[in-house]
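Asks: Have a look; sequence and predicted model below, questions after that.
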Number of protein chains: 4
Amino acid sequence: MPISLAELNDAAPAAFVAALGGVFEHAPWVAEAAARTRPFATVQALEAAMRAAVEAVPDAQRLALLAGHPELAGRAARAGAIAPDSIAEQAAAGLDRLSEAEYARFAALNAAYREKFGLPFILCVKRHGRASLLKQFEARLGSTPEQERRTAEAEVFRIAAIRLNALVEGEGPLKTTGRISTHVLDTCRGRPAEGVALELYEIVPGAEPALVARALTNADGRTDAPLIGGRPVPIGTYELRFALGDHYRRLGLDLPDPPFLDVVPLRFGVAEPEGHYHVPLVATPWSFQTYRGS
Amino acid sequence: MPISLAELNDAAPAAFVAALGGVFEHAPWVAEAAARTRPFATVQALEAAMRAAVEAVPDAQRLALLAGHPELAGRAARAGAIAPDSIAEQAAAGLDRLSEAEYARFAALNAAYREKFGLPFILCVKRHGRASLLKQFEARLGSTPEQERRTAEAEVFRIAAIRLNALVEGEGPLKTTGRISTHVLDTCRGRPAEGVALELYEIVPGAEPALVARALTNADGRTDAPLIGGRPVPIGTYELRFALGDHYRRLGLDLPDPPFLDVVPLRFGVAEPEGHYHVPLVATPWSFQTYRGS
Amino acid sequence: MPISLAELNDAAPAAFVAALGGVFEHAPWVAEAAARTRPFATVQALEAAMRAAVEAVPDAQRLALLAGHPELAGRAARAGAIAPDSIAEQAAAGLDRLSEAEYARFAALNAAYREKFGLPFILCVKRHGRASLLKQFEARLGSTPEQERRTAEAEVFRIAAIRLNALVEGEGPLKTTGRISTHVLDTCRGRPAEGVALELYEIVPGAEPALVARALTNADGRTDAPLIGGRPVPIGTYELRFALGDHYRRLGLDLPDPPFLDVVPLRFGVAEPEGHYHVPLVATPWSFQTYRGS
Amino acid sequence: MPISLAELNDAAPAAFVAALGGVFEHAPWVAEAAARTRPFATVQALEAAMRAAVEAVPDAQRLALLAGHPELAGRAARAGAIAPDSIAEQAAAGLDRLSEAEYARFAALNAAYREKFGLPFILCVKRHGRASLLKQFEARLGSTPEQERRTAEAEVFRIAAIRLNALVEGEGPLKTTGRISTHVLDTCRGRPAEGVALELYEIVPGAEPALVARALTNADGRTDAPLIGGRPVPIGTYELRFALGDHYRRLGLDLPDPPFLDVVPLRFGVAEPEGHYHVPLVATPWSFQTYRGS
């Protein structure tokens, strides 16, 4: 249940901190500092105040903020000893369902990272699919400590922005969500294709495609809700699969067996978690196309 | 090494039968009869004469022609006790590389078929992919004996036509081959996409995609040879995969990571083994399409 | 300024008739009859009541309703002696700007029609472009009197529905409007094409294309308002012209002179005046396409 | 009737000059010089020899070569006093059918050019459409004498190459021809559209479109011959018009009236006279697209 910005502006300092103390992991002092600069006209202003609070403290305290973060798929996460928001975030990325081999891989990366940088590896996991997450981990192991310090702090702010947006309702919300949507057009009949079953999969190299969403097109050829929406779209490769052959069979067309087009896969990559990926299918029984739409 | 129609027209009867005696399985009498109606102006006329020879004999002999065919993936095939052409044909369909479970499946189907119809199951295997072959087998088990008799004979003629075409060179060849071809156009630059790596897979439900061909596009955006050509295209589902992302990276475009389009799959079905399936890829870094072309 | 359905439901009978007396040409009695069946929950119910009022009167009075309509581009219209709504409707169709030859053509058609059917030719002109209007006129001259009586009355109801919709605001509005819209996507860059100048023309055989609308695409590649909207789309042929070459020159692309694509025309027909014609342009400097979208 | 390179290699010098003396306007000395460097292995080598002959003579003689060219649409052309090849070339560009106003425009340009550069304006007219020709004329009036001298000579060599290619047959022909071709695909039925009537027009601003070619698609959806071929494609803007609505009506489809697509225009520009412009139409009754193909 989000709290309104107006309520936050009027709340007692303790209530403010009770509401926003968890936005930065184990660091309620950020909310305490921000509370003193109220009122905020927008959620963006509130976020800027929290960011300024972080940037105002001595370096040692900033480092401690980073050090307080749990490891990805680490022992603390396994034992349930991390902040509730972190548990949910790591679970959303599937990090609570790793195989023993994967745990071992993460454990090795965590150890290597901590050895090199003296900090836990921090990443806004909601913005990454499984493959991207590992790729980031490996790439960042190659950074310099200075770069890595900046990157880790930027990730902390990203995590905070998503949490803040989920907690607070008001003018000027932060842009922390992206979208995958589709639209099926039947250009043989010049109208939207209704009732087409479709599935969205995340494609991870070396693993089975993971089902993300399943939907049926409505009378306008769209899905009633975005396939991914209201959250960042994890960076990764996706495949939409449309049961186009079934659609044309239902319309009574005389198709060959097998039809030229039956289940149509559209494979595409997502690099901007806050972007809108509109991936339409413009089709006939003998042709199809897609493009990044808007 | 094909023999010319002219040579066949001039050959001694024994030489004619030596050349064409294997066109119908274990039935050199078909060639013997055809030899008596020479000369033939076209390969088609030769085929018609062989067909007429079959249709002229008493019913019992026609049945014997069917009965002489080896079972698909049967004991005889495993033991190498079938005609060399049949060995090659069954091998082309992968029937010599079945798992034990698959052999068992075929054995059961063969037994059920023989029990119901008193004949071996005959199919021109070169015209079917693995999934289609099993589907045919199961569908035909449901036929009436009369239908099945006609179907089996039609398949015998199809097998004969392909063998004949491979053996004889001359005017009026039989249409026993199909084709899968492609063409990659880069509509961002308005020219063919050269050097695009692509692969053709056969898609069999419940199994790994099977690689059929691999090629690189030439300066005209085409492959130097068809991906399948000079033979029937086995009925089935195929997937072309184009390394489009690599193409644009090579051109120096600044693509996101991962790119919107990287490996682009085009999945399509083939229902006419003697048809031409031209499946082009018209693409930019942000859009692609295909259609059955010509 | 439309009046609300609630106000009409509460109005004195005279006020009701003052508001809606002109919905049927020279026939305030239709509104009088409908007033007695108030209240109406929806605009559709009001329209049904007016229609029922017409259908309840003796045949002679129904005929008189038809006879009261002005001729298209007729003497009365030229002299300004027709109802104000009819003046506006005929003007919208360009019937007040005919050449002498065209007037003569209409005069001849009007005379032939009146001679054959004893009635003025009635057509809901807002639903027809210039060419369609003449085509209708000629086609209907070939009808039987019975067909034509039904057709003329149906047109009277169409005219009434459009007038009613413009006069009354409330639940359940009548569907009397269509739309032409567009969307320009640059698939070279994977995003909407902003700032593309475009024009919509009506194409009339034997005449210069007539400019209907002119617009610039916004950041989403769309126009801020539909090119035709809030009214029926006149039946006819249209051409959208997009200054695509200018768009790519503005982006600094190195195009040949002349470019492969400069002004891109998309020509399409409209047969359903109450339909939505979404006609997108999906383009690169070397390719374009359109389809009836939604 | 072209002469073979072998014959030219063996011909007496006088016969050689009789055959090729007109390749350079009023300058048989070029052929005389080239004859002395025989034999030529390719047409390209012959052309290089003629070019070398021009480049070897003193500057005054090179200038005289330019001075010997007729004006475009000039008095000499009108009076028939120019070389036969020039007559045909100017006629092909429509310069023999100018209106009085157009003659006047050319006369003014010719005069201005001669005044500034002391030479006739030389252009390989076969490579230019009407609009491009005037544009060139105006642009070149702004050149410096040095630039213009080089440009004029380059045009003389282009004219010579086209003449040479038409006269001589042999290995290594010069690339002096381009092509416009098309292909109509019906993606509703997944096959080529046969019997589609199409026309190619040249679009000249301020004038009626000029018909260039008319054809019917064959069973493969192509035209039997290129729409322009065997000659340079004049630089300019073209429009292909396809009678797509007629095609679908012939197939018995139930289309609205007017259909969404009836006559489909594809407008495109040609900037490379020696290029291949393949402009396909991939269509359904409700969609179409084109791209520069190959």
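Replies: Sure, I can see it. Numbers count the residues shown, from 1 in each chain, chains lettered A, B, ... in the order given.
Asks: quick one: the helices in the stretch 151-294 of chain A?
Replies: In the stretch 151-294 of chain A, the segments counted as helices under DSSP state H, counting those that start in this stretch are A:244-250.
Asks: where do the strands sit along it?
Replies: Assigned by DSSP state E, counting those that start in this stretch, the strands in the stretch 151-294 of chain A fall at A:168-169, A:178-181, A:184-186, A:191-192, A:197-203, A:210-216, A:228-231, A:236-243, A:263-270, A:276-278, A:281-284, A:287-291.
Asks: can you redo those strands as JSON lines with mean pLDDT?
Replies: Converted to JSON lines, the strands of the stretch 151-294 of chain A look like this (pLDDT from 0 to 100):
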{"stretch": "strand A:168-169", "mean pLDDT": "96"}
{"stretch": "strand A:178-181", "mean pLDDT": "98"}
{"stretch": "strand A:184-186", "mean pLDDT": "98"}
{"stretch": "strand A:191-192", "mean pLDDT": "96"}
{"stretch": "strand A:197-203", "mean pLDDT": "97"}
{"stretch": "strand A:210-216", "mean pLDDT": "96"}
{"stretch": "strand A:228-231", "mean pLDDT": "95"}
{"stretch": "strand A:236-243", "mean pLDDT": "98"}
{"stretch": "strand A:263-270", "mean pLDDT": "98"}
{"stretch": "strand A:276-278", "mean pLDDT": "98"}
{"stretch": "strand A:281-284", "mean pLDDT": "98"}
{"stretch": "strand A:287-291", "mean pLDDT": "98"}
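Asks: Out of the ones you listed, flag the one nearest chain D.
Replies: Of all those, it is strand A:287-291 that lies closest to chain D, at 3.8 Å by C-beta to the nearest C-beta. (Glycine included, C-beta is placed from N, CA and C.)
Asks: strands paired with the closest one, and their directions?
Replies: Applying DSSP bridges, strand A:287-291 is found paired with strand A:281-284 (antiparallel), strand B:287-291 (antiparallel).
Asks: can I get those strands in JSON lines with distance to B:Pro273 and mean neighbour count?
Replies: Output for these, formatted as JSON lines (distance: least, C-beta to C-beta, whole Å; neighbours: other C-beta atoms under 10 Å in any protein chain shown):
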{"stretch": "strand A:281-284", "distance to B:Pro273": "23", "mean neighbour count": "25"}
{"stretch": "strand B:287-291", "distance to B:Pro273": "20", "mean neighbour count": "25"}
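Asks: For the closest residue to chain B within the stretch 101-250 of chain A, which non-adjacent residue is closest in space?
Replies: Closest contact between the stretch 101-250 of chain A and chain B, by C-beta to the nearest C-beta, is at A:Thr237 (5.8 Å). Sequence neighbours aside, A:Ile203 is the residue nearest to A:Thr237 in space, at 4.3 Å (criterion: C-beta to C-beta, 6 or more residues apart in numbering or on different chains).
Asks: shouldn't that neighbour be in contact with A:Leu240?
Replies: No. Using C-beta atoms under 8 Å, A:Ile203 is not in contact with A:Leu240; the gap is 10.9 Å.
Asks: Any idea how many residues pack against A:Leu240?
Replies: 23 (other C-beta atoms under 10 Å in any protein chain shown).
Asks: what sits opposite it in the beta ladder?
Replies: Beta-bridge partners of A:Leu240, counted by DSSP bridges, are A:Leu200, A:Leu266.
Asks: tell me which parts of chain A are close to chain C?
Replies: For chain A, the residues in contact with chain C (C-beta under 8 Å from any C-beta of the partner chain) are A:183, A:185, A:187, A:190-192, A:220-221, A:282, A:291-294.
Asks: Put the buried members of those residues into a ChimeraX selection.
Replies: Typed into ChimeraX, the line below selects the buried ones among these, using 16 or more other C-beta atoms under 10 Å in any protein chain shown:
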select /A:183,185,187,190,191,192,221,282,291,292,293
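Asks: Of the residues of chain A next to chain C, which is the nearest to D:Ala12?
Replies: Comparing the residues of chain A next to chain C against D:Ala12 with C-beta to C-beta picks out A:Tyr291 as the nearest, at 65.6 Å.
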